[in-house]
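J.: sequence? don't have it. structure:
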């Protein structure tokens, strides 16, 4: 059974930075064969895709709201995906979830809270 464990969330001031990590285990196939994504869900809002990285790790995509501020990366040797978040804004406050996807398969972590507040 796939397990995804996020870490790195916390309280940060506007303009600050955080780096989220997500370590995966229990994959049927090699971790490198899964697309990895970061989603977030703010109170009262739907979960939204923040960033994604393809299995090979070369191509990434971002929500317009985070382009130029967030960077997704992966270390396949460590079964880990990262989300570097810079220039954080109040509106980035949310629970951030890691997602592994391959075809119809999808697995989620438990989430990590990010709060941007002065």
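T.: That came in fine, so what should we check first? Given the structure is predicted, the values throughout are model-derived calculations rather than measurements.
J.: can you give me the helices for this protein?
T.: With DSSP state H as the definition, the chain shows no helices.
J.: In it, what helix or strand scores lowest on average pLDDT?
T.: The helix or strand of the chain with the poorest confidence is strand 105-108; it has a mean of 93 (mean pLDDT, DSSP states H and E).
J.: Return the set of buried residues in that one.
T.: The neighbour-count check on strand 105-108 (16 or more other Cβ atoms under 10 Å) flags 107-108 as buried. For glycine as for every other residue, the C-beta is placed from the backbone atoms N, C-alpha and C.
J.: got a list of contacts for that strand?
T.: Identification of contacts with strand 105-108 by Cβ atoms under 8 Å, 6 or more residues apart in numbering yields 2-4, 97-101.
J.: what's the nearest residue to residue 17 if we skip its chain neighbours?
T.: Nearest residue to residue 17 in three dimensions, chain neighbours excluded: residue 86, at 4.7 Å (Cβ to Cβ, 6 or more residues apart in numbering).
J.: Would you mind listing where the protein has pLDDT under the threshold?
T.: Within the chain, the ranges that satisfy pLDDT under 70 run 57.
J.: Report the strands that pair with the least confident helix or strand of the chain, each with its relative direction.
T.: In the sheet, strand 105-108 lines up against strand 94-102 (antiparallel) (DSSP bridges).
J.: buried ones in the partner strand?
T.: 94-100.
J.: likewise stretch 69-77?
T.: Quick answer for stretch 69-77 (16+ other Cβ under 10 Å): 70-72, 74, 76.
J.: Of these, which is the nearest to residue 60?
T.: Distances from residue 60 to those, taken as Cβ to Cβ, are shortest for residue 72 (5.4 Å).
J.: Report the beta-bridge partner residues of the closest one.
T.: Beta-bridge partners of residue 72, as defined by DSSP bridges: residue 83.
J.: Equivalent analysis for residue 116, please.
T.: residue 12.
J.: Measure how buried it is and give me the count.
T.: By other Cβ atoms under 10 Å, 19 other residues sit near residue 116.
J.: Equivalent analysis for residue 103, please.
T.: 7.
J.: Contact partners for the residue nearest to residue 17?
T.: Each residue near residue 86 by Cβ under 8 Å, 6+ apart is listed here: 17, 69-71.
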